[in-house]
Each structure stands twice: as structure tokens, then as C-alpha cells.
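**Student:** need a 3D model of the sequence below.
(one chain, ligands or ions: 2)
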Amino acid sequence: MSAISYEHLAKEGLQALGHSTAATLLDQIAQQAAADSWSYSHFLGKLLEAELAARKKRVIETCLRFSNFPYLKRLADFDFDFQPAIDRTLFEELATGRFLAEARNVILLGPPGVGKTHLAIALGVVTAELGYRLYFINALELARKLTTAFAQNRLPHTMKMLSQPKLLIIDEVGYLPLDPSQASMLFEIIAKRYEKGVATVVTSNKSFGQWGQVFANDPVLASAALDRLLHHSTVISIKGDSYRLREKRKSGLIGLQTQTN
Ligand code: ADP
Ligand code: MG
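**Tutor:** Ligands and ions are numbered 1, 2, ... in the order given. Purely as a prediction, here's the structure:
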């Protein structure tokens, strides 16, 4: 074969192997290689670097697309100065994603507006950026989903969908009580994930002592769920002020309400 056909083969071959970014950048990187007298491995390394970066980006985008996030929030957007009770270094450690490898659950407790959902989503973004699948779901939405799945004979499929991702985020556990069958299905998800060794993030406005109410007034089921959740876990209790109210205070809305009351 002549040199020309090998050049042709290089591009076609990359394309055929699914390395479309490398195929697109081949001419440009080859020209740079010639101009700067790169070694052959340097050239190949540069070509692979571009292909791998594009793949990583696609994986992250796919993970985010399937995340069911209501919106995106990052740890970098969180004002730790506003919530001094939260250990910033703890979140620096969580941001490494080690909790995923260790199947360590993260439980965020506290009153409304202190940033629980923000931080839970941010941990989900960390997960996606490491290329792992995650699923975010509000506890009420989860309960409804399970009830519907049960009624439609799709419970095993839904259970599988919820127990598989590297991270499941259950937001707002305890805002509304579950009925007994929902409580036992939620327990089953927690137990399955515990057995599989995959991490779960839970946010709640209820202290652990109140989880009996959350689990349909079944303290035995609640403590069985807590047992599994807390075995390998990081619990973060946020006791500070609501960030939402601070925003309102700033705009004078709360002051106005006080005057009219
Ligand atoms: P919670 O889930 O605890 O009720 P959220 O996470 O929904 O609270 O926070 C309410 C709003 O305030 C969100 O828009 C969130 O991004 C923002 N927020 C809360 N705390 C902080 C903070 N410390 N820094 C930046 N934004 C914050
Ligand atoms: Mg919330």
C-alpha cells in the first residue's frame, strides 16, 4: 500500500473503531506533530488525549441526563461561611468521591432552607463527574413511584432501577409520612443497596428519633432501615439559619411581614 492510502486508512480506521474525535483531529494533530518534530508516541498520546477527553465528557453528560436532577448545584456554589457549623474539610473529602468507593452513605439533616438539597445534588454532580450513574428522587415521588410500580406489576423492575446506580439520592425523607407498604418498599431499597455495597445520600428534616413516624409509625422497620443506613455513613447535621430566609431578609420581605403582623 502507498503512504497515501495509509493516511486514508488512519482516518477511516479511527472512525470505524468509533474514535470520531481522534478521526476529526487527526490532520490537525499530525500537522502539529510534523511542525514540532514530535516522537511517534507523543503524537499518539496527543491524539488519544483528545479522544479520551471527548469520551469522558460524553459519559458525564449521559450520567447527568439520567440523574433526574431538578436543577444543578455544585459544591463550589455553596457558601460555607454562611453555614459555619458545616465542616468544609469534610466536603472536600466527600468531593474526592471516596464515599462512593467505600459505599459510605451521607445523611444530611436539618431544618428547611439550610442547603441539604443543594449539597445532595452537589454530591451527585461529583458522582457524575467521576463517570458513575446516579439517580436523584424526592421521597414523596419515590413513594408514589413504588406504589404505581406495585399496582402495575412492575415492582421488581423499579426496585432494580433504584438499587443499581452507584449513588441514589433520596431527598426530603420525612416531610410527609409514608403508608405501611411504601415504608416497607423504602426499607427494601435501603437494604438492597446496603447488600450491594452502593452508597445512598438521604436528606431529612427529621431527627433519627422521629424516623418511626416517617416509616408509617413502625419503629422496628425504622430502626432496621437506620441500622443499614448508618453502618457506614457520614452524618451531617446542619443547625444554622435558612439561606432562603436570608435572601428574603435582604430584600426586606421579612421586615414587611413583621410590620403588618
Ligand atoms: P434545604 O434542602 O435544606 O431545604 P436547599 O438546598 O433547597 O435547602 O437550599 C435553599 C436554597 O438556598 C437553594 O437555592 C440553595 O442553593 C441555596 N442555599 C442554601 N444554603 C446555601 C449556602 N450556604 N450557600 C449558597 N446557597 C445556599
Ligand atoms: Mg430540600
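**Student:** so how far is the helix or strand where Gly45 lies off the chain centroid?
**Tutor:** For Gly45, the enclosing helix or strand under DSSP states H and E is helix 40-65. The gap between where helix 40-65 is centred and where its chain is centred comes out at 22 Å by CA atoms, centre = their mean, to the nearest Å.
**Student:** what comes up buried for the following helix or strand past that helix?
**Tutor:** Per DSSP H and E, the first helix or strand lying C-terminal to helix 40-65 is helix 88-94. Buried residues in helix 88-94, counted by 16 or more other CB atoms under 10 Å: Phe91, Leu94. Where C-beta positions appear, they are placed from N, C-alpha and C, glycine not excepted.
**Student:** close to ligand 2: what parts of the stretch 1-150 of the chain are there?
**Tutor:** Lys116, Thr117 (CB under 5 Å from the ion).
**Student:** can you pull the residues of the stretch 1-150 of the chain lying near ligand 1?
**Tutor:** 73, 77-79, 82-83, 110, 112-118 (CB under 6 Å from any ligand atom).
**Student:** show me how the chain divides into domains.
**Tutor:** 3-60, 75-247 (automatic domain parsing).
**Student:** hey, which of the ones you listed is tucked in deepest?
**Tutor:** domain 75-247 (a mean of 17; mean count of other CB atoms under 10 Å).
**Student:** what mean pLDDT does it have?
**Tutor:** Averaging pLDDT along domain 75-247 gives 95.
**Student:** okay, how far is it across that domain, tip to tip?
**Tutor:** Length of domain 75-247, first residue to last, CA to CA, to the nearest Å: 19 Å.
**Student:** distance between that domain and the chain's centre?
**Tutor:** For domain 75-247 - counting by CA atoms, centre = their mean - the centre lies 10 Å from the chain centre.
**Student:** rewinding a little: looking at the residues of the stretch 1-150 of the chain next to ligand 1, which is nearest Leu168?
**Tutor:** Thr117 (14.6 Å; CB to CB).
**Student:** switch the domains of the chain over to TSV; also include distance to Ser67.
**Tutor:** As requested, these are exported to TSV (distance: least, CB to CB, whole Å):
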stretch	distance to Ser67
domain 3-60	10
domain 75-247	5
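**Student:** quick check: which element contains the closest residue to Gln15 other than its chain neighbours?
**Tutor:** Nearest residue to Gln15, sequence neighbours excluded (CB to CB, 6 or more residues apart in numbering): Ala23, at 4.4 Å. Secondary structure assignment for Ala23, by DSSP H and E: helix 20-35.
**Student:** so what secondary structure elements neighbour that helix?
**Tutor:** In terms of contacts (3 or more CB pairs under 8 Å, 6 or more residues apart in numbering; DSSP states H and E), helix 20-35 is packed against helix 3-16, helix 40-65.
**Student:** worst mean pLDDT among the ones you listed?
**Tutor:** Minimum mean pLDDT among the helices and strands packed on helix 20-35: helix 3-16, a mean of 88.
**Student:** so Leu90 is in contact with Ser237, correct?
**Tutor:** No: with contact defined as CB atoms under 8 Å, Leu90 does not count as touching Ser237 (11.8 Å).
**Student:** now the helices for the stretch 51-200 of the chain?
**Tutor:** For the stretch 51-200 of the chain, the helices defined by DSSP state H, counting those that start in this stretch cover 88-94, 98-101, 116-129, 139-151, 155-163, 180-196.
**Student:** nearest to Ser223, of those?
**Tutor:** Here helix 180-196 is closest among these (CB to CB), at 10.5 Å.
**Student:** near ligand 2, which residues of the stretch 151-261 of the chain?
**Tutor:** Counting by CB under 5 Å from the ion, no residue of the stretch 151-261 of the chain is near ligand 2.
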